[in-house]
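Novice: Would you be able to build a 3D model of this:
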Amino acid sequence: MHIRTVTRYFPITLWLCFQSAILFSPNAQSGEAQENLPGIALIIDDLGNQRELGMRAVMLPGPVACAFLPYGPLTKALASQAYAYHKEIMLHLPMQAVDQGNARVDEGTLTLDMTEQQFTDALAHEIAAVPYVSGLNNHKGSLLTRHPGNMAWLMQAINERGDLFFVDSRTTKETVASQLATEYGVPNISRNVFLDNDPDPEAVRLQFRKLIAIAKRDGTALGIGHPQTGTLDVLREELENLQRYGVQLLPVSRLIELQNERRLAWQMSLSH
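Specialist: Residues are numbered from 1 along each chain as shown. Modelled structure (predicted):
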């Protein structure tokens, strides 16, 4: 039965039970790393506004991270469902873009003209708005992530909290977010591939295969997608093929650890 048909006739709670009987597997969801196997992580951004597509993202097999806009009308409900399905929950933190144009400014956007107090207060409210949050990444932010002062405020606040990681979505090549995260001791990683800048399913598939290739070359790779029909269709298919591709799907936090372990091993090898 197609998911659209299911959601017409099933309440969300019953639909979750229906899907979990088919999809949920403790081994698939555990995210335990297999030694010497390249690792990928996936984040689905922009969650919290749409029910059906949001639920489809939550129901993707394995430890696919779910990143929620802080003030989405469905953020709390969907984040709670995602947590029940052992997904990592992230705050998709709105940040000011270079050229906003006529686009709507997302509620809670951190901007360049904020004082430090305004900035940190807004950040605290937005972290609190997403239940079970374990990390965050920037939504837009092509202006803000290039400014060291604002990124220092962000990373200092994350460091003081002590239990969050940061993902640089890399919406600009001039970003300094990851650099400042490292300087402040915040566990962090940068996005390698956007899966669906072109929403055509075959384009998404090509981007997913690119992610696999990067992981095989570098040991780890992080991809970001969005709750779009084509993206979710392709991911559901491709995530069944990871064993054949010779890679493993890991939580974002574990991918950060794995990347750091491999970087440390490489540095130690150079010192001998």
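Novice: pLDDT score for residue 4?
Specialist: Here the pLDDT value assigned to residue 4 is 38.
Novice: my bad, residue 54
Specialist: 98.
Novice: give me every residue that touches it.
Specialist: 47-48, 74, 78, 227 (CB atoms under 8 Å, 6 or more residues apart in numbering). Glycine gets a C-beta too; all of them are placed from N, C-alpha and C.
Novice: Mind doing that once more with 7 Å?
Specialist: Residue 54 is in contact with 47, 74, 78, 227, counting by CB atoms under 7 Å, 6 or more residues apart in numbering.
Novice: Check which helix or strand it maps to.
Specialist: For residue 54, the host element (DSSP states H and E) is helix 51-58.
Novice: With residue 242 instead?
Specialist: Using DSSP H and E, residue 242 falls in helix 242-245.
Novice: Any buried residues in that helix, and which?
Specialist: Buried residues in helix 242-245, counting neighbours by 16 or more other CB atoms under 10 Å, are found at 242, 245.
Novice: can you give me how far it is from the chain middle?
Specialist: Chain-centre distance of helix 242-245: 22 Å, with CA atoms, centre = their mean, to the nearest Å.
Novice: other SSEs contacting the longest helix seen in the chain?
Specialist: Across the chain, the longest stretch assigned as helix under DSSP state H is helix 252-271. If you count contacts as 3 or more CB pairs under 7 Å, 6 or more residues apart in numbering; DSSP states H and E, helix 252-271 packs onto strand 39-47, strand 133-140, strand 165-168, strand 188-190, strand 220-225.
Novice: Apply 6 Å and report the result again.
Specialist: If contacts are counted by 3 or more CB pairs under 6 Å, 6 or more residues apart in numbering; DSSP states H and E, helix 252-271 sits against strand 39-47, strand 220-225.
Novice: mean confidence score for the helix or strand immediately after the shortest one in the chain?
Specialist: The C-terminal neighbour of strand 220-225 among helices and strands, as given by DSSP H and E, is helix 229-238. Across helix 229-238, the average pLDDT comes to 98.
Novice: residues of helix 229-238 that come out buried?
Specialist: So for helix 229-238, counting by 16+ other CB under 10 Å, buried means 230-232, 234-235, 238.
Novice: Quickly name whichever of the contacts of residue 54 is closest to residue 120.
Specialist: Distances from residue 120 to the contacts of residue 54, taken as CB to CB, are shortest for residue 47 (24.4 Å).
Novice: Other residues contacting stretch 211-224?
Specialist: 38-43, 45, 189, 191-195, 245, 247, 255, 258-259, 262 (CB atoms under 6 Å, 6 or more residues apart in numbering).
Novice: Can you get me the start-to-end distance on that stretch?
Specialist: End-to-end distance for stretch 211-224, by CA to CA, to the nearest Å: 10 Å.
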